[in-house]
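Enquirer: Quick one, fold the following:
(2 chains)
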There are 2 protein chains.
Amino acid sequence: MTDTADFGEASDLPQVYKHHVFACHTQRPPGHPRGSCGAAGAQPLWDRLGKAIETQGLSEIGFTASGCLGFCKAGPLMVVYPDGIWYRPTTPEDIDEIVESHFKQGKRVDRLVMVLTRR
Amino acid sequence: MTDTADFGEASDLPQVYKHHVFACHTQRPPGHPRGSCGAAGAQPLWDRLGKAIETQGLSEIGFTASGCLGFCKAGPLMVVYPDGIWYRPTTPEDIDEIVESHFKQGKRVDRLVMVLTRR
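Expert: Numbers count the residues shown, from 1 in each chain, chains lettered A, B, ... in the order given. Presented below is the predicted three-dimensional model:
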């Protein structure tokens, strides 16, 4: 026995959020070679997402702005944990579907999932 | 059968990171009633963490700056997913222990864990 616990025991801790969303807020200038989620039109989508979570009283959903998530060409990009699901929404309807399906019904939205590979 | 998959099937997706760290970079002015991770001395800790991940070649560890994680009095605050472990490191040695124990040995550092409850 040691003082530390392995991850098999991690679930003994209460989880703060059922789903915790991190949405990339990086904004690079137009024409920047890396691009950015901001340049790809992320902000209105994240505004809509934050508002939906708030107005629908989804208190079990955490929503946090993040810096660069590292896959800039794939933006607008958000990741949902602990699920480990990366989404690329591009329209207001995409946001609404993620909220309704993933956050309220517990079903991921496969058509918006990005499968990413580290460089 | 539907086109969407429930979370029982989510693990069929390859995970981008073994552990993905989000470290709060919020900085409010000194004396602000909410406080902030920045005001609590977070920046040098996150600098050390980012440098450790990079110099030790821990490519399976994602490290992303985040906005406010919502528990400002508890800062400096970082959360590790998919584990859902929230840490409050305050010294360089705390950072080194999280890197060595959690990220390299897979053992969480219980003495630095914050158990948080949503308001």
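Enquirer: the strands in chain A, which residues?
Expert: With DSSP state E applied, chain A shows strands at A:19-24, A:61-66, A:78-81, A:85-87, listed in chain order.
Enquirer: Could you save these as CSV and add columns showing mean neighbour count, distance to residue B:32 and mean pLDDT?
Expert: C-beta here means a position set from N, CA and C on the backbone, and glycine is covered the same way. As requested, the strands of chain A are exported to CSV (neighbours: other Cβ atoms under 10 Å in any protein chain shown; distance: least, Cβ to Cβ, whole Å; pLDDT from 0 to 100):
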stretch, mean neighbour count, distance to residue B:32, mean pLDDT
strand A:19-24, 24, 24, 98
strand A:61-66, 20, 18, 97
strand A:78-81, 24, 28, 97
strand A:85-87, 22, 33, 96
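Enquirer: Any idea which of those strands gets closest to residue B:69?
Expert: Using Cβ to Cβ as the measure, strand A:61-66 is the one of these that comes nearest residue B:69, at 6.0 Å.
Enquirer: pLDDT value on the residue nearest to residue A:41 when sequence neighbours are not counted, please?
Expert: Leaving aside its sequence neighbours, residue A:41 sits nearest to residue A:76 (Cβ to Cβ, 6 or more residues apart in numbering or on different chains; 6.3 Å). Per-residue confidence for residue A:76 comes out at a pLDDT of 96.
Enquirer: Repeat that for residue A:14.
Expert: What the model reports as pLDDT for residue A:14 is 84.
Enquirer: Please tell me how far it sits from residue A:23.
Expert: From residue A:14 over to residue A:23 the distance is 24 Å, taken as Cβ to Cβ, to the nearest Å.
Enquirer: Quick check, residue A:109 in contact with residue A:97.
Expert: Yes - using Cβ atoms under 8 Å, residue A:109 makes contact with residue A:97 at a distance of 5.4 Å.
Enquirer: Figure out how far stretch A:62-80 is from the centre of its chain.
Expert: On the basis of Cα atoms, centre = their mean, to the nearest Å, stretch A:62-80 is displaced by 6 Å from the centre of the chain it belongs to.
Enquirer: How far does it stretch from one end to the other?
Expert: Stretch A:62-80 has an end-to-end distance of 9 Å (Cα to Cα, to the nearest Å).
Enquirer: Number of residues surrounding residue A:102?
Expert: When neighbours are defined as other Cβ atoms under 10 Å in any protein chain shown, residue A:102 has 22 of them.
Enquirer: ok, it - contacts?
Expert: For residue A:102, the contact set (Cβ atoms under 8 Å, 6 or more residues apart in numbering or on different chains) comprises A:19, A:80, A:85, A:108, A:109.
Enquirer: again, only using 7 Å
Expert: For residue A:102, the residues meeting the contact criterion (Cβ atoms under 7 Å, 6 or more residues apart in numbering or on different chains) are A:80, A:108, A:109.
Enquirer: Among these, which ones lie close to chain B?
Expert: Contacts with chain B within those, counted by Cβ under 7 Å from any Cβ of the partner chain: A:108, A:109.
Enquirer: re earlier: and the strands of chain A as JSON lines, adding distance to residue B:42?
Expert: Supplementary listing: those in JSON lines, determined by distance: least, Cβ to Cβ, whole Å:
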{"stretch": "strand A:19-24", "distance to residue B:42": "17"}
{"stretch": "strand A:61-66", "distance to residue B:42": "15"}
{"stretch": "strand A:78-81", "distance to residue B:42": "20"}
{"stretch": "strand A:85-87", "distance to residue B:42": "26"}
